[in-house]
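next comes the sequence, and after it the predicted model I'd like to discuss.
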Amino acid sequence: MDPEEFRLWYETVAADLRRYVDRICDTAEESEDVFQESFTRLLGSDFVSNDPVERRRYLFRIATNLVRDRRRWTQRWRLQPVPERVGNSPEEGYAGRIDAQRALSRLSPRARALLWLAYANGFPHKEIAEIIGIASTSVRVLLARARKRFLDGLERSEP
């Protein structure tokens, strides 16, 4: 892919990838690292498809694997506890966003990824399975569980 083609493609996927990694990462620093490393790994890979949809899917898969690998490394070495995600203040957006952010922070990284890929990015179940690295037959069940846990978390955070 030539630099101009990459620039145009980057402009179409960067915002979606940014939102995705912001939701599945626990800190802004981790999110920034994963975001940048995802593009670096894509460009350094042997991936050759010219299909922008396949390239996008592969990029999201790289980001998902980077987060998964970071968690495994942190858990294995027990370096530090993962901090609870802090929600946005009401001044930055409408107040209900705090509850949604809190409910999301209570979910596992995989559940957050499933919800975000399905509902924010609109990936079909087959593509979600490829990105996360699970059987496509498992997506529907895991997504239903994640959705239920998210909704339960919203109910608990109501006054």
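All right, it came through fine.

which residues touch Ser138?
Ala129 (CB atoms under 8 Å, 6 or more residues apart in numbering). No exception for glycine: its C-beta is placed from N, CA and C like everyone else's.

spatially central residue for the chain, please.
Geometric centre of the chain, nearest residue: Tyr20, 3.7 Å, by CA atoms, centre = their mean.

from Arg55, how far out is that residue?
Distance of Tyr20 to Arg55, given as CB to CB, to the nearest Å: 15 Å.

ok, back up a step: give the contact list for the residue nearest to the centre of the chain.
Phe60, Ala63, Ala113, Trp116, Leu117, Ala120, Asn121.

touching, the fourth one and Ile24? I think so.
Yes - here Trp116 reaches Ile24: they are 6.7 Å apart, a contact under CB atoms under 8 Å.

compare neighbour counts for the two and give me the winner.
Comparing Trp116 with Ile24 by other CB atoms under 10 Å, the one with more neighbours is Ile24, at 27 against 22.

quick check: chain neighbours aside, which residue is closest to Arg68?
Distance criterion CB to CB, 6 or more residues apart in numbering; nearest residue to Arg68, sequence neighbours excluded, is Pro109 at 7.3 Å.

that neighbour and Ile128, how far apart?
For Pro109 relative to Ile128 (CB to CB), the value is 14 Å.

pretty sure Arg149 is touching Arg106, no?
Yes - shown here, Arg149 and Arg106 form a contact pair, counting by CB under 8 Å, at 7.5 Å.

for the least confident helix or strand in the chain by mean pLDDT, packing partners?
In the chain, no helix or strand scores lower on mean pLDDT, DSSP states H and E than helix 96-105, which sits at a mean of 72. Under the contact criterion of 3 or more CB pairs under 8 Å, 6 or more residues apart in numbering; DSSP states H and E, helix 96-105 touches helix 136-156.

and the least confident helix or strand of the chain, how far out from the chain's middle?
Centroid separation between helix 96-105 and its chain, computed with CA atoms, centre = their mean, to the nearest Å, is 16 Å.

between Pro109 and Ile128, who's got more neighbours?
Ile128 (25 against 17).

so which helix or strand takes in that one?
helix 125-132 (DSSP states H and E).

how far off helix 136-156 does that helix point, in degrees?
Helix 125-132 runs at 90 degrees relative to helix 136-156, counting by axes from the mean of the first three to the mean of the last three CA atoms, to 10 degrees.

helices and strands around helix 125-132, which ones?
Looks like helix 125-132 contacts helix 52-77, helix 109-115, helix 136-156 (3+ CB pairs under 8 Å, 6+ apart).
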